[in-house]
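# Just to be clear, the model below is a prediction. Sequence and coordinates:
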Amino acid sequence: PVEVKLYRTCKVTKYDYNLNKNVTTTIDEEVDSAVLNDSNNWKHTFKDMYEFYIEDGENPVIYKYYVKEVNVAGYDTAITGDQNEGFVIINTSTDKISIPVEKKWVGEAAASTKVKLFADGLEVGETELNEANNWKHVFAGLQKYNNSNQKIKYTVKEVGEDGNLIKFDGKSYSVSYKGNVTDGFTVTNEKENPPSTTTPTPKKPSVPKKHVSPRTGDDSHLALYTLMLGTAASALGLLCYRRGKKAN
């Protein structure tokens, strides 16, 4: 819970005997207070407040109302609004956090790169990483909670990355992110190898096999040829015989 006090400002004119004249001063007086917490949804309405005040011989003057919050340890306070529209008090946690980020390379490394930090989707920081800073940086002094009293979601993105791909000097790298607010983030770039352009070697046409004559000394083939010659000789003898007989 927090305590809020309502004040109003008015002018008071009094005769100053030392100066021997009327002196008008502005005073601030506390007129009411309220405690804000979960049970009243952190809201309160100050009711039945006087709108005007009148000094002797003067026209009615409108009171100027404002509020103050009793200091809340660990929070900064900002108050907006006025007595017509109401007041809004915003407490911002002074609990700051730091988030480290590191760049890693798989394969050839570029000369440098940049990484942006986002809080609930809004850019809040940017840094350049290179060999000089050992590819590391710490985003410091960051708010832990947003105005809705919820933890801020921090993310990082490499500048130039699109669809988890990035190019340096015409060379393509994949981009991957790992980590969280507590442990920090690591951005890894891995160089992608270009597709092979080697022309495949054409296959040699097949050569038909040559006819191989039987080798001398091959007994199986020799027997076959002997049989063929014997048959031819028999036929010739028969032919000669028939021809000879016809001559008789």
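Everything's here; your move.
# And the average pLDDT for stretch 104-118 is what?
Here stretch 104-118 scores 96 as its mean pLDDT.
# Glu192 and Gly170: what is the separation?
Glu192 sits 12 Å away from Gly170, taking C-beta to C-beta, to the nearest Å as the criterion. Yep, even glycine has a C-beta here, placed from its N, CA and C like the rest.
# who's more crowded, the two?
Neighbour totals were compared for Glu192 and Gly170, and Glu192 leads with 13 against 5 (other C-beta atoms under 10 Å).
# quick one, what contacts the closest residue to that one other than its chain neighbours?
In space, Glu192 comes closest to Ser172 once its chain neighbours are excluded; the distance is 4.6 Å by C-beta to C-beta, 6 or more residues apart in numbering. Shown in contact with Ser172 (C-beta atoms under 8 Å, 6 or more residues apart in numbering): Leu165, Ile166, Lys191, Glu192.
# What number of residues are in the vicinity of Tyr173?
Going by other C-beta under 10 Å, the residues that sit close to Tyr173 add up to 24.
# What does it show for phi and psi?
Reported as degrees, to the nearest 10, the phi and psi values for Tyr173 are phi -130, psi 140.
# The residue nearest to it when sequence neighbours are not counted in helix, strand or coil?
Excluding the flanking residues, the one nearest Tyr173 by C-beta to C-beta, 6+ apart is Asn189, at 4.2 Å. Of the three states, Asn189 takes strand under DSSP: H, G, I helix; E, B strand; the rest coil.
# Could you check how far Asn189 is from Leu117?
On the measure of C-beta to C-beta, Asn189 and Leu117 end up 18 Å apart.
# Same drill for those two, tell me which one is more crowded.
Per other C-beta under 10 Å, whichever of Asn189 and Leu117 has more neighbours is Asn189, with 24 against 20.
# Is it correct that that one is in contact with Tyr177?
No - applying C-beta atoms under 8 Å, one finds Asn189 not in contact with Tyr177, separated by 10.9 Å.
# Show me how the record splits the protein into domains.
Domain segmentation of the chain under automatic domain parsing yields 2-93, 96-191.
# Quick check: phi and psi at the residue lying closest to Phe118 once chain neighbours are set aside.
Distances taken as C-beta to C-beta, 6+ apart place Thr155 nearest to Phe118, at 4.9 Å, with adjacent residues excluded. Main-chain torsions, Thr155, degrees, to the nearest 10: phi -140, psi 160.
# Extract the residue ranges of the chain that are flagged as low pLDDT.
195-200, 204-248 (pLDDT under 70).
# Tabulate the CA atom coordinates of stretch 47-59 in CSV.
Below are the C-alpha coordinates for stretch 47-59, written out as CSV (Å, rounded to 0.1, in the frame of the first residue of the first chain):
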residue,chain,number,x,y,z
LYS,A,47,-15.0,14.2,-2.2
ASP,A,48,-16.7,17.3,-0.9
MET,A,49,-13.7,19.6,-1.5
TYR,A,50,-14.2,23.4,-1.5
GLU,A,51,-13.8,24.8,-5.0
PHE,A,52,-13.4,28.5,-4.1
TYR,A,53,-12.1,30.7,-1.3
ILE,A,54,-12.8,34.4,-0.7
GLU,A,55,-10.5,37.0,0.8
ASP,A,56,-11.8,40.2,2.2
GLY,A,57,-12.8,42.6,-0.6
GLU,A,58,-11.7,40.1,-3.3
ASN,A,59,-13.5,38.0,-5.9
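# how about the helices of this protein, start to end?
219-247 (DSSP state H).
# Noted, bye for now.
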